[in-house]
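[1] please work out how this folds:
(one chain, ligands or ions: 1)
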Amino acid sequence: MSGRRVTIAIDGPAGAGKSTVARLVAERLGYLYIDTGAMYRALTLKALERGEDLNDGEALSALAAQTDIRLAGEGPLGQARVLLDGRDVSAEIRSPAVNGAVSLVAQVPGVREALVSMQRRLAEGGGVVMDGRDIGTVVLPHAEFKFFLTAALAERARRRAKDLAAQGHDEALPAIEEEVARRDRLDSERAVSPLRQAEDAEVIDTTSMTVDEVVGHILGRVRGLT
Ligand code: DC
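    Numbering: from 1, shown residues only. Take a look at the predicted model:
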């Protein structure tokens, strides 16, 4: 592999395996992993803590403009460590309360503007793997590699349940499946930057693939062309 450090965009719905895969691909390439969902989650946590009205787009946009979000190395369960105004919130941003509210916060145009510009700054210079919903379409339309990970709803719910249980949040599978479906709907139907596959993205259905298989596939593509 040559020394060229490219930019890799990974999008897809909740539970498709994006963050696990993106983190491992970054690790194997010695790249920076940027979890953009964690950024929306951190802002959502702040809004909840402050008792903001989640339907007040102006208040949420103002809050986003005054918020410092950093991703720093590895946190619990191998996920990115997230610092919200200097405070480590890596665990709190995965709570059911944040899961339930994050789609509302993420649909506010002013919130997206603030976070997208942070994300673009982080990706300057290449050598990054970024995952989210709008990375290949909006944040990094010129990324050298774009992948869109999907999986059947039932499988995505099962993976979510496992993640939640590992973090001490036991929830019944049907409720999780409903929550994942609700987030799919909100994320796909919102007016600004909806979840959508970039035309030049490669779709990978991970329903019956292992994490290693997905990572191997992506590394194969990237190593073949860098
Ligand atoms: O990937 P995740 O479940 O951590 O993402 C949390 C929420 O943030 C998800 O419901 C949609 C939103 N999101 C977004 O709108 N744009 C992104 N680039 C990443 C996440």
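[2] every contact and neighbour count from this point should use C-alpha atoms.
    Fine.
[3] how far away from the center of its chain is the lowest-mean-pLDDT helix or strand in the chain?
    In the chain, the helix or strand scored least confidently by mean pLDDT, DSSP states H and E is strand 69-74, which has a mean of 82. Put simply, strand 69-74 sits 13 Å off its chain's centre (Cα atoms, centre = their mean, to the nearest Å).
[4] can I get that strand in CSV, CA atoms only?
    Output in CSV follows, covering the C-alpha atoms of strand 69-74 (Å, rounded to 0.1, in the frame of the first residue of the first chain):
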residue,chain,number,x,y,z
ILE,A,69,-17.5,18.3,21.2
ARG,A,70,-14.3,16.3,20.9
LEU,A,71,-13.6,12.7,20.1
ALA,A,72,-10.6,11.4,21.9
GLY,A,73,-9.3,7.9,21.5
GLU,A,74,-11.0,4.9,22.8
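[5] buried residues, it. List them.
    Ile69, Arg70, Leu71 (16 or more other Cα atoms under 10 Å).
[6] point out the other helices and strands that whichever helix in the chain runs longest packs with.
    Longest helix in the chain by number of residues (criterion: DSSP state H): helix 173-189. Counting contacts by 3 or more Cα pairs under 8 Å, 6 or more residues apart in numbering; DSSP states H and E, helix 173-189 packs against helix 96-106, helix 153-166.
[7] give me the angle between the last one and helix 96-106.
    Just to be clear, that refers to helix 153-166. 130 degrees (axes from the mean of the first three to the mean of the last three Cα atoms, to 10 degrees).
[8] so what touches helix 153-166?
    Identification of contacts with helix 153-166 by Cα atoms under 8 Å, 6 or more residues apart in numbering yields 14-16, 94, 170-173, 176-177, 180-181, 207.
[9] could you dump these into TSV with neighbour count, pLDDT and distance to Leu24 added?
    Shown next, in TSV, are these (neighbours: other Cα atoms under 10 Å; pLDDT from 0 to 100; distance: Cα to Cα, whole Å):
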residue	neighbour count	pLDDT	distance to Leu24
Ala14	25	85	18
Gly15	23	85	16
Ala16	25	91	15
Arg94	18	89	20
Asp170	13	84	26
Glu171	14	85	27
Ala172	9	90	29
Leu173	16	93	27
Ile176	20	92	25
Glu177	19	94	26
Val180	22	90	23
Ala181	18	92	26
Thr207	16	95	18
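[10] check those against the ligand, which are close?
    Counting by Cα under 6 Å from any ligand atom, Ala14 from these sit close to the ligand.
[11] Arg50: which of the contacts of helix 153-166 is nearest?
    Distance to Arg50 across the contacts of helix 153-166 (Cα to Cα) is lowest for Arg94, with 17.6 Å.
[12] send me the helix or strand containing Phe148 as PDB with only the CA atoms.
    Per DSSP states H and E: Phe148 is located in strand 145-150. C-alpha atoms of strand 145-150 as PDB (Å, rounded to 0.1, in the frame of the first residue of the first chain):
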ATOM      1  CA  PHE A 145     -14.400   5.600  -0.700                       C
ATOM      2  CA  LYS A 146     -18.100   5.400   0.200                       C
ATOM      3  CA  PHE A 147     -19.800   2.500   1.700                       C
ATOM      4  CA  PHE A 148     -23.500   2.100   2.700                       C
ATOM      5  CA  LEU A 149     -24.100  -0.600   5.200                       C
ATOM      6  CA  THR A 150     -27.500  -2.100   5.600                       C
END
